[in-house]
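**Student:** sequence unavailable; structure follows:
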């Protein structure tokens, strides 16, 4: 008898085809994620669940799982939407998709850095609003990257990939990453600083840490006060790492120069969120991994974790805590 699985979103065919070949798969067909109550019912009767970061896999849901549930395979690197401890208590392994989205997310982080520094979105709106009448010596002046200091918070795979891109722009690269040694990062041309030093010295601050109790609201009003008045904040990690009300006040009052975000709190962001009223904040809808190659690979990895789990085998990529 083929294992029964529930796939909570339509994922790329590269992964879906693998799942359908090995399992009796039900795929949620809507654009919006399945309601929590529906997931509560599904987990009672399935052998495996393929989830996304939009699904709330909390202790209550895991307690509702039937005896047959053998695996939860998440199609993302992050898994802060899953109560991993509750799953481990039930001996349910959690799979994720690490490594595959490093370059895509680093590309987007740097795209946001460039867009914010050279005021690209403002320039587009400038034309659309009929303001472009002639070449103006003082119009839409932005910041230079060459010689500027990029501060990276978190030197994991993505943080290091962003640093490699910054080298091509002749930037000074500094980082705050307590788990790294100065000797290790010096070999790749990065200076380690304290958190406060990084904020004070950086022209651009790019966030690349996971969301946890220590990083929630890491960038708060006090942190923003320490940044340069011309500095730009980039966040492609998780929305709750930044206190958005504090960010709004800091940008509006000129405490910092601007921000570019791929992640927000909550997601999706309301169209009337005050951050969207500020011209020097660029926000995109969580598209860090949204390249064809990356999403196809993520789907395959998630499928492989799911198929291995329902077969009682070790997951190729299992979350370890």
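**Tutor:** Yep, it's here. It should be emphasised that the depicted structure is a prediction, and the values quoted were computed from it without experimental measurement.
**Student:** tell me where the chain has strands.
**Tutor:** Counting by DSSP state E, the segments of the chain that form strands are 4-7, 24-27, 48-51, 71-74, 94-95, 149-153, 172-176, 191-192, 204-207, 232-235, 258-261, 281-283.
**Student:** residue 117: which of these is closest?
**Tutor:** The closest of these to residue 117 is strand 232-235. By C-beta to C-beta, the value is 6.2 Å. From N, CA and C alone the C-beta is placed, and that goes for glycine too.
**Student:** what are the pairing partners of the closest one, and which direction each?
**Tutor:** strand 204-207 (parallel), strand 258-261 (parallel) (DSSP bridges).
**Student:** how far out from the middle of the chain is the lowest-mean-pLDDT helix or strand in the chain?
**Tutor:** Ranking every helix and strand in the chain by mean pLDDT, DSSP states H and E puts helix 182-186 at the bottom, with a mean of 84. Centroid displacement of helix 182-186 relative to its chain, using C-alpha atoms, centre = their mean, to the nearest Å, is 26 Å.
**Student:** swap in stretch 234-247?
**Tutor:** Using C-alpha atoms, centre = their mean, the offset of stretch 234-247 from its chain centre is 11 Å.
**Student:** can you give me the buried ones in it?
**Tutor:** 234-244, 246-247 (16 or more other C-beta atoms under 10 Å).
**Student:** got a list of contacts for it?
**Tutor:** 78, 80, 105, 108-109, 112-113, 116, 154, 158, 204-211, 215-221, 224, 233, 259-267, 273, 275, 281, 288 (C-beta atoms under 8 Å, 6 or more residues apart in numbering).
**Student:** please apply the same query to stretch 277-285.
**Tutor:** Contact with stretch 277-285 is made by 108, 112, 115-116, 119-122, 125, 247-248, 251-252, 257-262, 264, 267-269, 275-276, as judged by C-beta under 8 Å, 6+ apart.
**Student:** next, the buried residues of it.
**Tutor:** 280-284.
**Student:** now, the most widely separated pair of the buried residues of stretch 234-247?
**Tutor:** For the buried residues of stretch 234-247, and using C-beta to C-beta, no pair is farther apart than 236 and 246, which are 18.8 Å apart.
**Student:** and the closest residue to residue 170 other than its chain neighbours, what's its pLDDT?
**Tutor:** In space, and not counting its chain neighbours, residue 170 is closest to residue 146: 4.5 Å by C-beta to C-beta, 6 or more residues apart in numbering. Among the per-residue scores, residue 146 shows a pLDDT of 97.
**Student:** surely residue 146 touches residue 168?
**Tutor:** No. Using C-beta atoms under 8 Å, residue 146 is not in contact with residue 168, being 10.2 Å away.
**Student:** please narrow the contacts of stretch 277-285 to those residing in helices.
**Tutor:** 108, 112, 115-116, 120-122, 125, 247-248, 251-252 (DSSP state H).
**Student:** how near is residue 109 to residue 32?
**Tutor:** For residue 109, the distance to residue 32 equals 27 Å [C-beta to C-beta, to the nearest Å].
**Student:** now do the helices in the chain.
**Tutor:** Taking DSSP H as the test, the helices found in the chain are 13-22, 36-42, 59-63, 84-89, 102-117, 120-128, 157-167, 182-186, 195-201, 221-225, 244-252, 292-310.
**Student:** cool, thanks, signing off.
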